[in-house]
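# Need coordinates for the below:
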Amino acid sequence: MRTFGLILFLVLASAGHAQAADDLAAWKRQAADVTIVRDDWGIAHITGKTDADAVFGLVYAQAEDDFNRVETNYINAMGRLAEAEGESAIWQDLRMKLFIDPAELKAQYARSPAWLRKLMDAWAGGLNYYLATHPNVTPRVITRFEPWMALSFSEGSIGGDVERVSLSQLEAFYGKKAVALAADETGATFKEPTGSNGFAIAPSNTKDGKALLLINPHTSFFFRSEVQVTSGQGLNAYGAVTWGQFFVYQGFNEHAGWMHTSSGVDVVDEFAETIAKSGDKLTYRYGSETRPVTVKTIAVPYKAADGTMATRSFTTYATHHGPIVREADGKWIATALMNTPVAALQQSFLRTKTTDYASFLKVAELRGNSSNNTIFADAKGQIAYLHPQFIPRRDDRFDYTKPVDGSDPATDWKGLHALSEAPALLNPKTGWLFNTNDWPWSAAGPDSPRRGDYPRYMDSNGPNPRGAHAVLVLTARKDFTLPTLIEAAYDPYLPAFARLIPALVEAYDATPSADPLKVRLAEQVAALRAWDYRWSAASTQTSLAVFWGEALWAESGPAAKAAGISVYDYMATRTTPEQKLTALAKAADRLTQDFGSWKTPWGEINRFQRLTGDIVQPFDDAGPSIPVPFTSAQWGSLASFGAKRYPNTKRYYGTGGNSFVAAVEFGPKVKALAITAGGESGDPESKHFNDQALRYSQGALREVYFYPEQLTGKTERTYRPGE
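Numbers count the residues shown, from 1 in each chain. From the prediction side, this is the model:
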C-alpha cells in the first residue's frame, strides 16, 4: 500500500493545497464505505453502503483493470481524441463537438436530480481517487474527471447515433475539399455486423418452469468489463459495464434481467436545407419563413507531429433540425438525433434496480433510449420485448431513410411516440421471443407485432440470417435449461450459406461441361454440395464457403446498395453464374496461396489472439493464438466472431462479435453462467488478461458467483479502494 504522505504530496503538487486536501479526505471517507472482492477470475464484486458508494467503487475497480479504456471512452465522447492521437482524429472530434457542448453538459448537471448528481460526484471521485493513489498512471488527456463528464457517455445517449454521420463527407464539407467515400460507405467492404443477440424463454418452454434469458452482445472485444455492484440501497446488479460507465448495461439482478440489442428503428434523420445568403448572413428556408443559419466556431485541439499542442478552428453551421454535416445535390444536410443526456443516464442506472416488468416499464417512460431494443425476463416468469423509447413522431408519407426536405414543416419531428405506440411484446403464446438486430416483425414467430400496424420508420433494418437462425433454435424444443440455451446460442448452422450455396451449385450444374471453370471447380463444388452448412474448427467447407462469400460480397456490395436490396438477395438472385463461379475460383486460389491447400480446416485460419493491452490490437501469425470454430454473424452464426486478415497476416484474427455472454435462470434464486472474451484485465502481466480465452473459443461458460456464499473459496482478494 502506498503511504498517505506520498499520496498527499502527489495530489497537493497538482492542485490547490486546501482543495486537494479536502478532496483527498472526502475520497478516503467514501472509500472506507466500499468493499471490493476479486474472485478467482479477477471479476470485481463491489459493495457500498449507498448507491453513490457503489458507483465510487465500481469506477475505481474499472480503472484498476483498464484505465486506458476508461479514459479513452470519455476522450472520444467529448471530442478530445486528437489531443491524444493527433491530427488524424480531428474529424472524429469535430463530429462529436457538433453535438456535445461541455458548457451545456455542465448546465444540465446543475439541473439534474439531487440523487443523480450524487452518483456523478461519486463517479468523478472514484476515478480521481484512483489517479491520486496510482501516480505511476499517466492519463493521456483527462488529468481530473469532473462530475458533468458522466453525461457525455451513457448508453442510449448520442454516442452511437452520432457515428452514423459520415466522417468522409463531414471532412469534405468543413475541409472544403473532395474526399472519397470510405470503403465501408460504398458497400464494397465485407463488414462485420455490430449488434447483439437476445433470447427470452418463458417458464412454459423450460424444463424447470423458470424464465431464461440469453445475454449475447456483439461488440468489439474488451469493450466491456464484467462486474457485480451492490449497495445498501437495493442495488445488486451483475453483468457487462462499458468501460467508465457506472451502471450495468447488459445484465441482471436477483429479480430481472435486461439484454439490449442495436435497433433498426429510424431515430437519426437528415434534413436537406435550402441555403441562401442575405448580405453577409446565411439563411435557410422553412415554410414561408426565412430563418438565420446558426453559426458557431468550434476549436479542435490536437497533438502536432512534434508533440506540441495545436488547434484547428472550424466555422460550423446548424439549423433548428441540427448541425450541418455534409452537402448533397446543392443542399446542406442537417442531422437530427436524440440529445437528452440526463434522461439517458437516469434510465440507464434506474433500470438496473427494477424488480419486474412493471417497474422496468415505468423507468422506460423516461424515454432516454434511442438505440436499444430490450429483451427482458423476470422471476415472475414474464418475458418481454421493448422497442427503443425515444422515437420521434413523423409524417409517414416521407421516406426518412433519405434526406427529407427541411424547408417543408411537414417533415419536422412532432414530439415523441408513447411507449404504447411502439412495437412491443409481453408473454407471447409462443413462449419465446428474441432480437438479433433484425426487424421486430418476427420476434415471437406468429405472435410477433404486425408490420402493417406501425409507421415504416419503426424499422429500417429488415430481416437478417441470425433472425432466421434464432427462430429455428427457439422452436426446436420446449424443455430449455441453462445448458441447452447455451447450446442454442452456439448452434453451428449457417443459414446464409444454406441459401447461397444451392444457388452456387445450381450455377455450376447449368454451366456447360466444356467451360474451364466447370472443370477447374469440380472438387470444390462437390465438397460444398455435400456440406451440412455447419461450422466447426475441423471443417474445410467452412473455410471455402467463407472465402467464397467474401469474394462474391466484394463484387455484389456496391451494386446491392445502389439497387436498394440486401446483399444476400443480390448475391443469390442477381449475380450471374460466371460471377458465382469466378468468386469460388478466387476463394480456392487464395486458400491455396495462403495456406497451401483450399482444404484448410477453418480453425487453422480463424483465430483468437491477445498479445497486448492496446485498444487497436496487433496480430502476428508467429504468436500464440487459439482456433475459433464460429464465424462472422454475417452468415447467420448466432455465436459471432468478426475476424479478418491484416497486412502482415494470412490467418484471420477476431476483434469483435461475442464479447460478454451470459445465460440466466430466474426463480427463487437467480442462477447464471457467463464468459468474457480474453479476460477481465487489460494488463498483459495479469493472470486475468487471457485466462478465459480458451473457454471463450469453446463456448464453455463458467459459473457466475452472484451470492456471497458462492464466493467462498473463490476469492483472491478483499480490499477497499486505495489499498
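
# Give me the contacts around stretch 351-362.
Residues outside stretch 351-362 that contact it (Cβ atoms under 8 Å, 6 or more residues apart in numbering): 234-235, 237, 247-248, 251, 253, 255-256, 258, 363-364, 376, 378-380, 382, 384, 386, 419, 426. From N, CA and C alone the C-beta is placed, and that goes for glycine too.

# quick one: E64 and L131 touch, right?
No. Between E64 and L131 there is no contact under Cβ atoms under 8 Å: 11.6 Å.

# which of the residues in stretch 291-300 are buried?
Neighbour-count burial for stretch 291-300, counted by 16 or more other Cβ atoms under 10 Å, picks out V293, I298, V300.

# Narrow the contacts of stretch 351-362 to those that are buried.
Buried members of the contacts of stretch 351-362, scored by 16+ other Cβ under 10 Å, are 235, 237, 247-248, 251, 253, 255-256, 258, 363-364, 376, 378-379, 382, 384, 386.

# Restricted to helices, list the residues you listed.
V363, A364 (DSSP state H).

# So which of the buried ones among the contacts of stretch 351-362 are in strands?
Among the buried ones among the contacts of stretch 351-362, DSSP state E puts A237, G251, A256, W258, F376, D378, A384, L386 in strands.

# Relative to the whole chain's centre, how far out is stretch 709-723?
Mean-position distance between stretch 709-723 and its chain equals 30 Å (Cα atoms, centre = their mean, to the nearest Å).

# just stretch 168-176 next, same as before
In terms of Cα atoms, centre = their mean, the centre of stretch 168-176 is found 26 Å from the chain centre.

# Just give me the residue closest to the centre of this structure.
The geometric centre of the chain, computed from its C-alpha atoms, lies nearest to T219 (Cα atoms, centre = their mean), at 4.6 Å.

# For stretch 361-378, output the C-alpha coordinates as PDB.
Provided in PDB are the C-alpha atoms of stretch 361-378 (Å, rounded to 0.1, in the frame of the first residue of the first chain):
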ATOM      1  CA  LEU A 361     -41.600  -0.200 -18.000                       C
ATOM      2  CA  LYS A 362     -42.000   2.700 -15.500                       C
ATOM      3  CA  VAL A 363     -38.300   3.500 -15.900                       C
ATOM      4  CA  ALA A 364     -38.600   3.300 -19.600                       C
ATOM      5  CA  GLU A 365     -41.100   6.100 -19.500                       C
ATOM      6  CA  LEU A 366     -38.000   8.400 -19.200                       C
ATOM      7  CA  ARG A 367     -37.600   7.800 -22.900                       C
ATOM      8  CA  GLY A 368     -33.900   8.300 -22.800                       C
ATOM      9  CA  ASN A 369     -33.000   5.300 -25.000                       C
ATOM     10  CA  SER A 370     -32.900   5.900 -28.800                       C
ATOM     11  CA  SER A 371     -30.800   3.000 -30.000                       C
ATOM     12  CA  ASN A 372     -31.600  -0.200 -28.000                       C
ATOM     13  CA  ASN A 373     -34.200  -2.800 -28.300                       C
ATOM     14  CA  THR A 374     -34.600  -4.700 -25.000                       C
ATOM     15  CA  ILE A 375     -35.200  -8.400 -24.300                       C
ATOM     16  CA  PHE A 376     -36.400  -8.800 -20.800                       C
ATOM     17  CA  ALA A 377     -37.200 -11.600 -18.300                       C
ATOM     18  CA  ASP A 378     -38.000 -11.700 -14.600                       C
END
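
# Please identify the nearest residue in space to F547, excluding sequence neighbours.
Of all residues not flanking F547 in the chain, A587 sits nearest, at 3.5 Å (Cβ to Cβ, 6 or more residues apart in numbering).

# The one you found in helix, strand or coil?
Following DSSP: H, G, I helix; E, B strand; the rest coil, A587 is assigned to helix.

# so who does it touch?
Residues near A587 by Cβ under 8 Å, 6+ apart: L544, F547, W548, E550, A551, W598.

# do that again at 6 Å, thanks
F547, W548, A551 (Cβ atoms under 6 Å, 6 or more residues apart in numbering).

# Among those, which are located in helices?
Per DSSP H, the contacts of A587 map to helices at F547, W548, A551.

# Emit the PyMOL select command for whichever of these are buried.
Applying 16+ other Cβ under 10 Å to the ones in helices among the contacts of A587, the buried members can be selected in PyMOL as follows:
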select buried, resi 547+548+551
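
# Closest to K414 out of the ones in helices among the contacts of A587?
Distance ranking of the ones in helices among the contacts of A587 against K414, using Cβ to Cβ, places A551 first at 46.5 Å.

# Could you check how far the closest one is from P301?
The gap separating A551 from P301 is 44 Å, by Cβ to Cβ, to the nearest Å.

# for Q169, same thing?
Computed as Cβ to Cβ, the Q169 to P301 distance reads 23 Å.

# One more: S640?
From S640 across to P301, the span is 37 Å (Cβ to Cβ).

# More neighbours: which of those two?
Applying other Cβ atoms under 10 Å to S640 and P301 shows that S640 carries more neighbours, namely 30 against 16.

# Show the contacting residues for the more buried one.
Contacts for S640 (Cβ under 6 Å, 6+ apart) come out as H218, A633, G657, N658.

# got a pLDDT number for it?
At S640, the pLDDT value in this model is 97.

# Over to T72?
On pLDDT, T72 comes in at 96.

# A21 too?
Here the pLDDT value assigned to A21 is 87.

# what's the answer for A377, then?
You'll see A377 listed with a pLDDT of 98.

# Could you do the one 5 residues further on as well?
Among the per-residue scores, Q382 holds a pLDDT of 98.

# can you offset everything so residue one is 153?
I'll keep to 153 as the first residue from here, and by that count the last item is Q534.
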